[in-house]
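**Q** Kindly generate the corresponding structure for this input.
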Amino acid sequence: MKNKPDTNNPTNNPGTWRFDPPSPTAMPDESPEALLSRAASLHQSGQFELAEPLYRQLLAIQPDNGDALHLLGVLRYQQRDPAAAVPLIEAALKIIPANIHAHTGLGLALLRLGRFDEALASFDRALEIKPDNAEALGKRGEALQALGQPKEALAAYNRSLRYRPNHAETLNNRAAVLIETGRPGEALTSLDQALALAPGYIEALNNRATALNALKRHAEALSACDEALAIRSDISQLHNTRGAILRNLGRREEAVAAFRTALIGQPEAADIHANLGVTLQEMGEAEPAEKHLRQALATRPGAVVYQSLAIALYQLKRNTEAMALYQKWLDLEPDNPIPVHMLAAGNSEAVPARASDAYVAKLFDDFADNFESTLIGLGYQMPQVLTSLIRAELGDKATPLRILDAGCGTGLAAPLLKPLASQLVGVDLSAGMLAKARERALYDELVVGELCAFMASRPAAFDLIILADTLVYFGDLEEAFRTAHGALAPGGIFAIALEARPADSTGPDYRLEPHGRYSHRPDYVTRLLAANGFTLRKMDDVVIRRELHADVAGIAVLASIDNGMNDDE
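**A** You can find the predicted model right below:
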């Protein structure tokens with residue numbers, strides 16, 4: 001959240017003027033110079049309604065008075081009429097082309113009008129006159145940020161702060177760029193400086209809450225946001241930030257209420273509609289989610305909005321529309337693996353053997369913050385189901401096991417596996433998910449990598465391999481079963497869960513479902529286990545999760561190698 005131009009903020013007044021105090025009465029035969037001085041003094045003291053007619057009176061006498069044109073343009077900008085300010089300052093610059101304040105003022109008006117390229121050019125002309133002008137440098141950063149050039153914006157803010165280090169607005173804007181570019185820790189330092197200079201600075205408090213939220217310090221983020229709301233409860237972006245924090249805390253109903261409050265003040269704000277739509281979709285409220293996501297898509301298309309809207313359409317069983325949306329998304333982002341995979345899910349003619357590594361990594365990196373609360377909300381219990389089967393099979397055997405949690409995600413299974421383990425290793429394609437798993441401090445080793453390649457690199461290294469929510473992204477299970485067999489020591493246990501097709505179903509051994517996960521025929525699983533040297537110990541029908549208000553059928557499977565778990569041992 002950048003600081004926005006404020007008519008009462010003196011840093012937005014191009015130029016600093018010092019004139020004699022204004023005369024309370026008109027003066028006969030007043031010279032143009034005296035008239036300008038009196039108008040500017042009234043202007044500087046905030047008496048805009050008295051200053052404006054004097055500027056116009058002067059311009060009636062001297063239409064080419066560059067200073068009067070410039071200052072009248074500044075006044076119109078301060079009166080929140082940047083469209084009127086632009087032609088006045090442009091006319092002034094034809095007369096006083098070397099006036100740095102006029103170039104900066106024109107840039108401010110253009111910035112307010114959203115004419116960012118032209119604003120940038122104005123600030124650059126000001127800097128040609130005075131390269132160390134901190135005001136022009138700071139505003140240049142705002143224009144660059146608005147143009148989607150955060151690296152260049154940060155450089156401009158840093159240069160501005162070199163000449164004006166204690167400027168709260170620039171420190172705040174610098175922090176906004178750092179948050180945008182994934183550097184929230186550095187942003188906090190800049191924000192603490194800004195707030196030390198300007199306690200109660202609303203934009204900085206909001207950005208501080210956003211930075212803390214990005215750092216997963218959600219309780220602190222909520223406190224910072226509430227501090228800002230105690231000062232100004234009418235600012236929509238504060239309620240929007242609060243909603244985002246509550247969503248990350250898993251408090252989705254409260255998040256929805258916060259987003260709805262935010263929309264009261266900014267009913268057209270695409271980012272608020274997007275946040276509300278995404279949260280409603282996660283709650284399974286697809287119809288209202290669609291409404292808000294479509295509004296967000298109309299003005300600010302982005303990956304999160306496309307994906308959430310497509311999921312909402314799937315939830316509404318409007319798969320054809322969902323596929324069309326994925327195609328539109330792919331047209332805009334041809335290198336994005338998510339629409340590529342989901343379009344394959346809608347095409348039964350060309351089913352890939354497994355989801356691509358790029359798809360899995362991106363899907364779960366984007367999903368990391370809300371993964372656990374979402375799955376728990378869907379009734380997901382596979383770690384509990386599989387560890388119960390493992391404990392029942394082990395019986396009284398208390399020997400600690402070397403365990404691989406393959407596709408470990410955020411480590412949902414770790415608290416259940418740790419008591420059984422002499423060593424607990426996790427591997428996952430998603431660095432974002434592993435960052436969450438690392439916070440548990442339960443794994444002895446965590447590796448970012450593709451699980452089949454990892455298992456192939458660790459021959460006979462494990463006594464138990466568990467894949468709780470992983471093989472739903474594999475169609476062909478051959479490689480996974482073969483490499484798991486090689487990574488298990490004699491007597492090793494293989495525990496897996498899969499979404500299952502009906503046992504009496506016809507057709508292929510596996511299918512890529514419209515939701516993007518694979519389902520498998522149970523007889524295909526048992527056949528492939530035997531072909532790879534496993535002995536089936538247990539196969540139970542289970543409910544993997546709830547979806548579209550229905551149970552998703554699955555199987556929980558326990559197998560071993562070399563009869564290492566025979567009952568007579």
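
**Q** For Ala98, grab the count of nearby residues.
**A** For Ala98, the count of nearby residues is 10 (other CB atoms under 10 Å). (Glycine included, C-beta is placed from N, CA and C.)

**Q** Excluding covalently adjacent residues, which one is nearest to it?
**A** Closest residue to Ala98 apart from its sequence neighbours, by CB to CB, 6 or more residues apart in numbering: Ile129 at 6.1 Å.

**Q** and the one you found, how many neighbours?
**A** Each residue near Ile129 was counted by other CB under 10 Å, and the total is 15.

**Q** now Thr210
**A** For Thr210, the neighbour count with other CB under 10 Å is 26.

**Q** And the pLDDT for it?
**A** Thr210 is assigned a pLDDT of 95 by the prediction.

**Q** Quickly find the element holding it.
**A** Taking DSSP states H and E as the definition, Thr210 sits inside helix 202-214.

**Q** Tell me the helix or strand right after that helix.
**A** Using DSSP H and E, the next helix or strand after helix 202-214 towards the C-terminus is helix 218-231.

**Q** Buried residues, that following helix. List them.
**A** Buried residues in helix 218-231, counting neighbours by 16 or more other CB atoms under 10 Å, are found at His218, Glu220, Ala221, Leu222, Ala224, Cys225, Ala228, Leu229.

**Q** How about the contacts made by the last one?
**A** If you count contacts by CB atoms under 8 Å, 6 or more residues apart in numbering, Leu229 has them with Ile235, Leu238, His239, Arg242.

**Q** how many other residues sit next to the first one?
**A** Around Ile235 there are 20 other residues, counting by other CB under 10 Å.

**Q** Over to it: give its phi and psi.
**A** With angles defined as degrees, to the nearest 10, Ile235 sits at phi -100, psi 120.

**Q** give me the number of residues near the residue lying closest to it once chain neighbours are set aside?
**A** Nearest non-adjacent residue to Ile235, counting by CB to CB, 6+ apart: Ile202, 6.2 Å away. Neighbours of Ile202 under the rule other CB under 10 Å: 19.

**Q** now do Arg208
**A** Neighbours around Arg208, by other CB under 10 Å: 29.

**Q** which residues in the stretch 351-500 of the chain form strands?
**A** When assigned using DSSP state E, counting those that start in this stretch, the strands of the stretch 351-500 of the chain occupy the ranges 401-406, 421-428, 445-448, 462-467, 488-500.

**Q** Quick one: closest of those strands to Ile338.
**A** strand 421-428 (17.5 Å; CB to CB).

**Q** Please give me every residue in contact with the residue nearest to Ile235.
**A** Counting by CB under 8 Å, 6+ apart, Ile202 makes contact with Ala228, Ile231, Arg232, Ile235, Leu238.

**Q** low pLDDT regions in the stretch 451-569 of the chain?
**A** For the stretch 451-569 of the chain, residues meeting the criterion pLDDT under 70 lie at 503-504, 548, 563-569.

**Q** Okay, helices next: where are they in it?
**A** With DSSP state H, counting those that start in this stretch, the ranges of helices along the stretch 451-569 of the chain come out as 451-456, 478-487, 522-531.

**Q** out of these, nearest to Thr210?
**A** Nearest to Thr210 among those is helix 451-456; the distance by CB to CB comes to 34.5 Å.

**Q** List of residues touching the closest one?
**A** Applying CB under 8 Å, 6+ apart, the set of residues contacting helix 451-456 is 404, 406-407, 427-429, 447, 465, 467, 470, 479-480, 483-484, 486-487.

**Q** Who wins on neighbours among these?
**A** Using other CB under 10 Å as the neighbour test, the contacts of helix 451-456 are led by Leu404, with 30 neighbours.

**Q** Enumerate the beta-bridge partners assigned to that one.
**A** In this entry, Leu404 is beta-bridged to Val425, Ile465, by DSSP bridges.

**Q** okay but it is in contact with Ala487, surely?
**A** Yes - counting by CB atoms under 8 Å, Leu404 touches Ala487, with 6.8 Å between them.

**Q** any shared contact partners between the two?
**A** Shared contacts of Leu404 and Ala487, defined by CB under 8 Å, 6+ apart, comprise Met455, Arg458, Ala461, Phe462, Ile465.

**Q** could the residues you listed go into JSON lines alongside distance to Arg537?
**A** Compiled in JSON lines, the shared contacts of Leu404 and Ala487 are given as follows (distance: CB to CB, whole Å):
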{"residue": "Met455", "distance to Arg537": "20"}
{"residue": "Arg458", "distance to Arg537": "22"}
{"residue": "Ala461", "distance to Arg537": "21"}
{"residue": "Phe462", "distance to Arg537": "17"}
{"residue": "Ile465", "distance to Arg537": "14"}
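
**Q** Separate out the buried members of those.
**A** Using 16+ other CB under 10 Å, the buried ones in the shared contacts of Leu404 and Ala487 are Met455, Arg458, Ala461, Phe462, Ile465.

**Q** Angles on the backbone of the second one, please.
**A** Phi and psi for Arg458, reported as degrees, to the nearest 10, are phi -130, psi 70.

**Q** Over to the third one?
**A** With angles defined as degrees, to the nearest 10, Ala461 sits at phi -90, psi -10.

**Q** check contacts around the closest residue to it other than its chain neighbours.
**A** Leaving aside its sequence neighbours, Ala461 sits nearest to Ala487 (CB to CB, 6+ apart; 5.8 Å). Shown in contact with Ala487 (CB under 8 Å, 6+ apart): Leu404, Met455, Ala456, Arg458, Pro459, Ala460, Ala461, Phe462, Ile465.
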